[in-house]
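Participant: one predicted model, sequence on top.
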Amino acid sequence: MTVADLPRHIDGVDEIEYLVIDDGSTDGTVLRAKELGVHYIVSFPYNRGLAKGFMAGIDACLRLGADIIVNTDADNQYSGADIEKLVRPVLEGRANMVIGNRKTDSIIHFSPLKKRLQRLGSKVVRKASGTDVADTTSGFRSYSREAAMRLNVLSGYTYTLETIITAGADKNRILSVDIETNPELRESRLFKSMWGYIKRSAATIIRNYVMRKPLKTFLIMASVFVIAALVLGIRFIVLACMGDGAGHIQSLVLMAILAIVGIQIGIFGLLADAVSDCRRVMDETLFHVKRIEYDNTNPNRNYNVCSYIKEEIDK
């Protein structure tokens, strides 16, 4: 159903090809994909997780010469007719990363709790990334070739949040477009519980924000301790002027401890900022290495779109 729903022609696109990721599934994905005439298949012998599968698909599409990569789900959650909405802004040069907005408040099979969590999560990610992405957990996306080559997902859980935070830090042009969703065919197997999803997503957001903006993060933490130390110091001076300083020596000790901790956290922030600068240099170096490698792999590439169907994790 998902493959049949994919477009065969898009104005401005010379050729459309399909690639399926088989993440160690046991439901005959590879055989079925071949029967449907899928052009390319990347198959893992065992389950490696959503993020690994996503990056394997990106790597394969780039090696095959894709100029635009569209990522969708194999559970037919997204409408294939909306792929042109994702591709068009990239073709016109208005964005190099386009994310489909599912309008989660209107999805019938989403529970009220899930809708609230989606709104809260998207708001947090927008704040952390400095972007205006409406639906940050949507996996229905398109990438220009350059944007795809700049993707480096370190998380072993999911790519959706990390790629937005990274793209925002790199000042990439990100655009949201409204899309439609199909009725739910089965429950998602990406996570076992809502609480587990929240914990992993929160850890991903915090980790990537700190990695991208370490100095700001550590200085905020350091300021809390330094301000507390100043308050205690001022309090002691006032009491000493009133002749009651001898009975509050403990405040001086606590003030010294807080000040030392604050200064140390600030120093950690400077070191973390230096490490972050090194990572940015390495990311830029890796981008140029990828460009050389991928273009040499297929110097006569003539593909414009490689639609990538992601097989959900089979748990």
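Facilitator: Yep, that arrived.

Participant: let's see stretch 6-17 as PDB, backbone CA atoms only.
Facilitator: Provided in PDB are the C-alpha atoms of stretch 6-17 (Å, rounded to 0.1, in the frame of the first residue of the first chain):
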ATOM      1  CA  LEU A   6       4.300   6.900  -3.900                       C
ATOM      2  CA  PRO A   7       4.400   9.300  -6.900                       C
ATOM      3  CA  ARG A   8       5.700   8.200 -10.300                       C
ATOM      4  CA  HIS A   9       6.100  11.700 -11.600                       C
ATOM      5  CA  ILE A  10       6.800  15.100 -10.200                       C
ATOM      6  CA  ASP A  11       7.200  18.200 -12.400                       C
ATOM      7  CA  GLY A  12      10.800  19.300 -12.400                       C
ATOM      8  CA  VAL A  13      12.100  15.900 -11.500                       C
ATOM      9  CA  ASP A  14      13.800  13.800 -14.100                       C
ATOM     10  CA  GLU A  15      13.600  10.400 -12.400                       C
ATOM     11  CA  ILE A  16      12.100   9.000  -9.200                       C
ATOM     12  CA  GLU A  17      13.500   5.800  -7.600                       C
END
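
Participant: what strands flank whichever strand in the chain runs longest, and is each parallel or antiparallel?
Facilitator: If you go by DSSP state E, the chain has its longest strand at strand 16-23. When sheet partners are counted by DSSP bridges, strand 16-23 sits next to strand 40-44 (parallel), strand 305-310 (parallel).

Participant: mind listing the strands for the chain?
Facilitator: Ranges of strands in the chain, per DSSP E, are 16-23, 40-44, 68-73, 97-101, 141-144, 174-178, 305-310.

Participant: let me have these in a markdown table, extended by mean neighbour count and mean pLDDT.
Facilitator: In short, each C-beta sits where N, CA and C put it, glycine included. As requested, those are exported to a markdown table (neighbours: other CB atoms under 10 Å; pLDDT from 0 to 100):
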| stretch | mean neighbour count | mean pLDDT |
| --- | --- | --- |
| strand 16-23 | 22 | 91 |
| strand 40-44 | 17 | 90 |
| strand 68-73 | 25 | 93 |
| strand 97-101 | 25 | 95 |
| strand 141-144 | 26 | 95 |
| strand 174-178 | 17 | 94 |
| strand 305-310 | 25 | 52 |
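
Participant: any chance of those strands in TSV, plus distance to Pro112?
Facilitator: Shown next, in TSV, are these (distance: least, CB to CB, whole Å):
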stretch	distance to Pro112
strand 16-23	31
strand 40-44	36
strand 68-73	23
strand 97-101	19
strand 141-144	26
strand 174-178	22
strand 305-310	28
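
Participant: nearest to Ile267, of those strands?
Facilitator: strand 174-178 (34.3 Å; CB to CB).

Participant: got a list of contacts for that closest one?
Facilitator: With CB atoms under 8 Å, 6 or more residues apart in numbering as the test, strand 174-178 has contacts from 82, 85-86, 89, 94-95, 97-101, 103, 131-135, 164, 167-168.

Participant: next one: stretch 126-135
Facilitator: Outside stretch 126-135, the residues that reach it (CB under 8 Å, 6+ apart) are 99-104, 118, 122, 125, 136, 164-165, 167-169, 174, 176, 205, 208-209.

Participant: over to stretch 248-265?
Facilitator: Outside stretch 248-265, the residues touching it (CB under 8 Å, 6+ apart) are 218, 221-226, 228-229, 232-233, 235-236, 239.

Participant: which of the residues in that stretch are buried?
Facilitator: For stretch 248-265, a neighbour-count test (16 or more other CB atoms under 10 Å) marks Ser251, Leu254, Met255, Leu258, Ala259, Val261, Gly262, Ile265 as buried.

Participant: which one of those is nearest Leu286?
Facilitator: Among the buried residues of stretch 248-265, and counting by CB to CB, the member closest to Leu286 is Ile265, at 30.3 Å.

Participant: grab the nearest non-local neighbour of the closest one.
Facilitator: Excluding its sequence neighbours, the residue lying closest to Ile265 (CB to CB, 6 or more residues apart in numbering) is Ala222, at 4.0 Å.

Participant: pLDDT score for the one you found?
Facilitator: Ala222 carries a pLDDT value of 96.

Participant: against Leu252, how distant is it?
Facilitator: Ala222 is 20 Å from Leu252, where distance means CB to CB, to the nearest Å.

Participant: and for Ala74?
Facilitator: Distance of Ala74 to Leu252, given as CB to CB: 64 Å.

Participant: where does this structure dip in pLDDT?
Facilitator: Low-confidence segments of the chain, defined by pLDDT under 70: 1, 184-193, 245-247, 297-315.

Participant: can you give me the helices in it?
Facilitator: 29-35, 50-63, 83-91, 112-129, 145-149, 160-169, 194-212, 214-241, 249-297 (DSSP state H).

Participant: what about the longest one, distance to the chain center?
Facilitator: In this view, helix 249-297 has its centroid 20 Å away from the chain centroid, taken as CA atoms, centre = their mean, to the nearest Å.
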